[in-house]
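A.B. asks: okay, sequence plus prediction incoming.
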Amino acid sequence: MREVLITRFGFDPKHVELLTDKPGSSIMPTGANIKSALNRMVDRAEEGAVLFFHYSGHGTLINHGTLFKSHNSSEEAIVPCDFNLITSVDFRHIVNRVPKGVTFTILSDSCHSGGLIDKEKEQIGPRTTPDKAVSAPARSYKPKVIPFQSILQHFTSLTSKINTDIGTHLVEVFGQDASLMFRSSEPINKPLRADEGILLSGCQTDEYSADVDTAEDGEKAACGAFSNAVQMVLKENPGQALSNRDIVVMARKTLSLQHFEKQHPCLYCSDENADAVFLGTHSSKNSLNG
């Protein structure tokens, strides 16, 4: 994805930051590091800037305990390498800080990623785009999910607390670096405003995202199926200004042709941004790849 950002969209290599858990990595994609990088990107943004966050990794669906009863019964989250969950509430908080005239696009290739920006308007998804019946056999794959119960058991062993509220454990372990969702005594229900948050999710809230093997420098490499589909769409349409809607619709078709029938990418953003050019031309472009 880094090469696509630089060659296709004109991102300055110095402004493309990579966080990876591969051996020898200087900056690991922990929850705190990812949020710090995102907030730093927003803090530095000036009018006309394009911000982009690409995440390819594990996702989960949080089952709430006794807190936050006004929320839905579950909440989407990504799972960084240290399991310090970054929730849809955190992404909403970051999007609300984006300066006027700046766009912030998230491409999340993770399980349960639909709706990852809390309360963002669905443009393509289960409520707006009913799935069409298909006759082709679904492809077998290993999902990019870590079950919520596995995460809860992990933190229960760390804190030695018998509590089904995951937030209690996360705050115990990570303190102020834990998700805002678990550090507030009341639900976070700030008034929404028109924003420039754009989410391209690898699947619907109730679905899993898959990995696919690709060739990289002559060697096989694992890649998120949605990330791969987006790159294929861009490669097959050189020089064309594709909208956010175009990208998701075409990626859905690509995944279907590859027999990923149980994975349906979604788009969440304002009506205007749905038809705006994907990573459109602006004066300054900054990217974080996790």
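C.D. replies: Structure received.
A.B. asks: pull the number of nearby residues for the nearest residue to residue 19 once chain neighbours are set aside.
C.D. replies: Computed as C-beta to C-beta, 6 or more residues apart in numbering, the closest residue to residue 19 that is not its neighbour in sequence is residue 29, at 4.0 Å. Placement of C-beta: from N, CA and C, glycine included. Residue 29: 21 surrounding residues under other C-beta atoms under 10 Å.
A.B. asks: so residue 29 makes contact with residue 83?
C.D. replies: No: using C-beta atoms under 8 Å as the test, residue 29 is too far from residue 83 to be in contact (11.6 Å).
A.B. asks: residue 214: which element?
C.D. replies: For residue 214, the element it lies in under DSSP states H and E is strand 211-216.
A.B. asks: now do the strands in the protein.
C.D. replies: All strands of the chain, identified by DSSP state E, fall at 16-18, 49-56, 59-63, 74-78, 86-87, 103-109, 122-124, 197-201, 211-216, 219-224, 266-268, 284-289.
A.B. asks: looking at the ones you listed, which is closest to residue 184?
C.D. replies: strand 86-87 (11.6 Å; C-beta to C-beta).
A.B. asks: gap between that closest one and the chain center?
C.D. replies: 10 Å (C-alpha atoms, centre = their mean, to the nearest Å).
A.B. asks: so what are the sheet partners of it and their directions?
C.D. replies: According to DSSP bridges, strand 86-87 forms sheet pairs with strand 74-78 (antiparallel).
A.B. asks: about what we covered before: dump the residue contacts of the residue nearest to residue 19.
C.D. replies: Contacts of residue 29 were listed using C-beta atoms under 8 Å, 6 or more residues apart in numbering, and they are 19-21, 57, 80-81, 290.
A.B. asks: and those, which two are the farthest apart?
C.D. replies: 20 and 80 (11.5 Å).
A.B. asks: for residue 197, give its distance to residue 164.
C.D. replies: 31 Å (C-beta to C-beta, to the nearest Å).
A.B. asks: of those two, who's got more company?
C.D. replies: residue 197 (25 against 13).
A.B. asks: who's in contact with that one?
C.D. replies: Residue 197 neighbours (C-beta under 8 Å, 6+ apart): 91-92, 95, 98, 104, 106, 117, 120, 268-269.
A.B. asks: per-residue confidence averaged over stretch 177-192?
C.D. replies: Averaged across stretch 177-192, the pLDDT comes to 74.
A.B. asks: show me where pLDDT drops low in the stretch 101-250 of the chain?
C.D. replies: Along the stretch 101-250 of the chain, segments meeting pLDDT under 70 span 130-142, 185-193, 215-221.
A.B. asks: show me where the protein has helices.
C.D. replies: 2-7, 31-44, 88-96, 148-159, 166-174, 180-183, 225-236, 244-257, 271-274 (DSSP state H).
A.B. asks: reformat those helices as CSV; add distance to residue 212.
C.D. replies: What follows is those, written out as CSV (distance: least, C-beta to C-beta, whole Å):
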stretch, distance to residue 212
helix 2-7, 16
helix 31-44, 24
helix 88-96, 25
helix 148-159, 24
helix 166-174, 30
helix 180-183, 31
helix 225-236, 4
helix 244-257, 9
helix 271-274, 27
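A.B. asks: spit out the residues that contact residue 20 and residue 80 alike.
C.D. replies: The contact lists of residue 20 and residue 80 share 29, 290, where a contact means C-beta under 8 Å, 6+ apart.
A.B. asks: higher neighbour count, those two?
C.D. replies: residue 80 (23 against 16).
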